[in-house]
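Student: Sequence plus the predicted model coming up.
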Protein chains: 2
Amino acid sequence: MDFSVLKTDAQGLIPVVAQDYYTNQVLMVAFMNEEAFKRTLETKQATYYSRSRESLWLKGETSGHFQEVKQVLVDCDNDTLVLKVIQKGPACHTGEQSCFHRAIDMETGELVEFKGGDSADVLKDVYNVIVDRKINPKE
Amino acid sequence: MDFSVLKTDAQGLIPVVAQDYYTNQVLMVAFMNEEAFKRTLETKQATYYSRSRESLWLKGETSGHFQEVKQVLVDCDNDTLVLKVIQKGPACHTGEQSCFHRAIDMETGELVEFKGGDSADVLKDVYNVIVDRKINPKE
């Protein structure tokens, strides 16, 4: 698929969601230009375009926290990508696994730390049900 | 948290990733302005700003496919949101559950249909292990 299929903004950029391949946790959102897109597909290492530095940005080049790209999804409007990646180390420069490590408290409106949210929570729920069924068999 | 904390683009918009609350599947990416942000927090129904229609867009208003907002995550740069939502019906106007229902084949570069990708796959893996252990006990 050629980059020209994608609808970019006025700067020739497209937003990209990086998502953990195993847990589906959203790790970060960044942008790609055509060169970043091509390099990502060729090298299978997530490469973005840094709007602040105005240059290509191989994720992990300085931190070692590379993203191995397993899948590239395209949305129905051809204007956004999702990369499903195996994240080496934390994705966020703060050292948090995900850049989305804060939430707005839905009651108070305050910004609070957010630790949950990967599908390990779902597995924990399943585990708890299994343990409960062992103690309280339903058969 | 006030909208002014967030860094918007020149149009006063911020990108928003809608993610399934249960499976962590990424459903869609859209934009919010200040009014959409306020309404989303007040009503707990995802409300975006439609760039094509240049107006507020209560997701599901015409389709019935509302998004009940359970969590709102903020990234480290204060320039992107993730909404974790309970999606009524499909999120995509095509009838697909997610707008990201196509993938770039990593070998051929072709655009292909993509059906996997929610954490139900992880649960299926766990289920298969459980069934296998029942047939082939390891204790």
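Tutor: Nice, thanks for sending it over.

Student: Nearest residue to residue A:66 in space, ignoring adjacent ones along the chain?
Tutor: Beyond its immediate neighbours in the sequence, the residue positioned closest to residue A:66 (CB to CB, 6 or more residues apart in numbering or on different chains) is residue A:60, lying 3.2 Å away. C-beta here means a position set from N, CA and C on the backbone, and glycine is covered the same way.

Student: Please report the distance of that neighbour from chain B.
Tutor: Using CB to the nearest CB, to the nearest Å, one obtains 17 Å as the distance from residue A:60 to chain B.

Student: Give me the neighbour count for that residue.
Tutor: 18 (other CB atoms under 10 Å in any protein chain shown).

Student: Likewise for residue A:1?
Tutor: 19.

Student: Spit out the contact partners of the residue lying closest to it once chain neighbours are set aside.
Tutor: Once its chain neighbours are removed from consideration, residue A:1 has its nearest residue in residue B:111; the separation is 4.7 Å (CB to CB, 6+ apart). Residues touching residue B:111, when contacts are defined by CB atoms under 8 Å, 6 or more residues apart in numbering or on different chains, comprise A:1, A:5, A:74, B:102-105.

Student: Hmm, the residue nearest to residue A:66 is touching residue A:67, no?
Tutor: Yes. Taking contact to mean CB atoms under 8 Å, the distance of 6.6 Å between residue A:60 and residue A:67 places them in contact.

Student: Now the common contact residues for these two.
Tutor: Residues within reach of residue A:60 and of residue A:67 at once, by CB under 8 Å, 6+ apart, are A:45-46, A:88.

Student: quick one: which of those is nearest residue B:36?
Tutor: Using CB to CB, residue A:46 is the member of those that sits closest to residue B:36, with 29.0 Å.

Student: I'd guess residue A:41 is in a helix, am I close?
Tutor: Yes. Residue state for residue A:41 (DSSP: H, G, I helix; E, B strand; the rest coil) corresponds to a helix.
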